[in-house]
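Visitor: Please find the sequence and the predicted model below.
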Amino acid sequence: MTLRSALIAGSLALALAVAGPAAGVLAAPAPPLDMTAAMGPPAPTPPRPGKVPACRLFIAGVEDKRSDTATMGYMGMGMVLSSDAPGWVRSGLITLQGDARWTFAATAEDADLVLNVEILKSYIFAVSTSKAASVVLRIRYSQAGAPLGENLYRGGKEAINWAGGKGESQGLLNQALMETVALTKADLAKGCSAAKAPKPA
């Protein structure tokens with residue numbers, strides 16, 4: 001080996017040692033956002049019991065009826081997945097325990113009102129500098145096996161699309177979910193009143 005070759009080889013070895021093994025290797029892309037129960041809104045601490053006993057709710061099931069149950073759309077950072085959309089929606093419904101009017105029963109038999117939930121739509125998309133998210137649920141209400149009615153609830157949010165990052169997408173989807181949950185409160189109050197009403201002899 002000539003002196004010139006040795007100097008070149010030494011310089012190359014020094015450069016690789018300083019840069020580390022990852023030098024020249026492209027970083028793996030970040031995993032896509034997956035809207036699971038862990039990505040949902042945090043459950044609030046139940047308030048102190050009010051003067052009127054809280055209505056006991058029970059979520060019998062959350063069924064994903066969307067045509068595409070694998071994704072919720074596409075943002076700048078990539079695909080938004082939904083491997084556990086039912087768990088995510090359930091996490092939103094559980095926030096109802098932050099209202100003194102409602103609590104959650106351990107079983108359907110112990111509940112004043114039973115909810116069977118279907119996810120009809122849940123998506124997010126971006127157009128130029130804006131983004132929008134929407135959640136549509138169908139909830140069927142029953143008490144002691146007897147149906148009390150059903151209704152559709154549609155929540156949506158729009159915002160400026162700053163960077164299209166995961167945090168923005170997660171936050172906007174959670175806001176749309178929480179708006180949908182808020183729309184159920186009037187029917188929950190009616191259902192609880194009907195369930196607690198004295199039954200005719």
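Guide: Arrived safely. These numbers come from a predicted model, not from an experiment.
Visitor: Now the terminal residues of stretch 80-88, how far apart.
Guide: End-to-end distance of stretch 80-88: 13 Å, with CA to CA, to the nearest Å as the criterion.
Visitor: next one: it to chain centre, how far?
Guide: On the basis of CA atoms, centre = their mean, to the nearest Å, stretch 80-88 sits 7 Å off its chain's mean C-alpha point.
Visitor: Now do it: everything it contacts.
Guide: 32-37, 39-40, 61-64, 66, 69-74, 119, 122, 124, 169, 173, 177 (CB atoms under 8 Å, 6 or more residues apart in numbering). Quick note: C-beta positions are derived from backbone N, CA and C, even for glycine.
Visitor: Show me these that map onto strands.
Guide: Per DSSP state E, strands hold the following members of the contacts of stretch 80-88: 33-34, 61-64, 71-74, 119, 122, 124.
Visitor: and the residues you listed, which are buried?
Guide: Among the ones in strands among the contacts of stretch 80-88, those scoring as buried are 33-34, 62, 64, 71-74, 119, 122, 124 (criterion: 16 or more other CB atoms under 10 Å).
Visitor: Among the residues you listed, show me the least confident.
Guide: Minimum pLDDT across those is recorded for Tyr74, with 82.
Visitor: Quick one: residues contacting that one.
Guide: Neighbours of Tyr74 in contact, by CB under 8 Å, 6+ apart: 80, 125-126.
Visitor: Now tabulate those residues in JSON lines and tack on pLDDT and neighbour count.
Guide: Listed next are the contacts of Tyr74 as JSON lines, based on pLDDT from 0 to 100; neighbours: other CB atoms under 10 Å:
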{"residue": "Val80", "pLDDT": "91", "neighbour count": "24"}
{"residue": "Phe125", "pLDDT": "88", "neighbour count": "15"}
{"residue": "Ala126", "pLDDT": "83", "neighbour count": "18"}
